[in-house]
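Q: With the input below, show me the fold.
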Amino acid sequence: MTTDQKTIVKILDKGFVKLIDFMGSDVRAANSARVSFGGTAKGEERDKILIKYLLEHSHYSPFEHCYFQFHIKCPIFVARQWMRHRWCSYNEISARYTEVKEEFYIPEKFRIQDKTNKQGSFESKDLDNAKLLAIYEKAIDDSYQAYKQLLDQGVAREMARMILPVGQYTEFYFSVNARSLLNFLSLRCDSHAQKEIKDYADAMAEIFKEKMPWTYEAFEQINKKFAPCAN
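A: Okay, the predicted model is just below:
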């Protein structure tokens, strides 16, 4: 996959990740480290060695000089997990100022609860997905119709929105330095992450890999269990 500022990576049924802007490079991270000794880049091979050394020994500050800005569209339940990552900047669309669109996440399949992992789930042939989707879609439709009725009766947007489920799609801008993005990926690309947010993290890993390939290569080598993030 290749990305540019006009590329949108589709995620789930209605979501996306879009790279809005990027500032920096592997060389910038290397130069930011070498300034401590009054030095500059030493060429690709030596810079690669330095970048890996920095990550291996937890010298992360040089990566804070590289920035990514993304436009994200995802379900609210994904956004609430996402925003637990606090070393970032967020600006989200407000349902106080705008009327909510009829856009809700419809999963392809439901999963059952993992009995040994409180935060885990997995697919099962024992579930009647057609029946479950009918229940799910009816609940969403009922909540949205109630929302519209409240608005029609003059209820303020900031109160009418309270009836809507967390499967509703939201949008936000997400600005993050490379250090914090690697932390995000290390947690959200992990196999224990919820599938829906992992889908977004995997797409962002691909973008990181394209923009800072030396850094991402070192990250994969050091964190081998996260290597499947970007293939």
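
Q: so where is the chain shaky, pLDDT-wise?
A: Applying pLDDT under 70 to the chain picks out residues 1-6, 117-118, 120, 122, 225-231.

Q: can you list the domains in it?
A: According to automatic domain parsing, the chain is divided into the following domains: 8-92+169-229, 111-163.

Q: Rebuild those as TSV, extending it with distance to Y105.
A: Using the backbone N, CA and C atoms, a C-beta is placed for each residue, glycine as well. TSV is the format used below for the domains of the chain (distance: least, C-beta to C-beta, whole Å):
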stretch	distance to Y105
domain 8-92+169-229	4
domain 111-163	9
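
Q: Burial-wise, tell me which of those comes out on top.
A: Most buried of those by mean neighbour count (mean count of other C-beta atoms under 10 Å) is domain 8-92+169-229; its value is a mean of 18.

Q: And the strands in the protein?
A: 8-11, 15-23, 67-75, 89-92, 111-113, 121-123, 169-177 (DSSP state E).

Q: how about JSON lines for these, with distance to V155 added?
A: Output for the strands of the chain, formatted as JSON lines (distance: least, C-beta to C-beta, whole Å):
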{"stretch": "strand 8-11", "distance to V155": "32"}
{"stretch": "strand 15-23", "distance to V155": "28"}
{"stretch": "strand 67-75", "distance to V155": "24"}
{"stretch": "strand 89-92", "distance to V155": "22"}
{"stretch": "strand 111-113", "distance to V155": "35"}
{"stretch": "strand 121-123", "distance to V155": "35"}
{"stretch": "strand 169-177", "distance to V155": "20"}
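
Q: For T215, give me its contacts.
A: D26, A29, I51, L55, F63, A178, L182, F208 (C-beta atoms under 8 Å, 6 or more residues apart in numbering).
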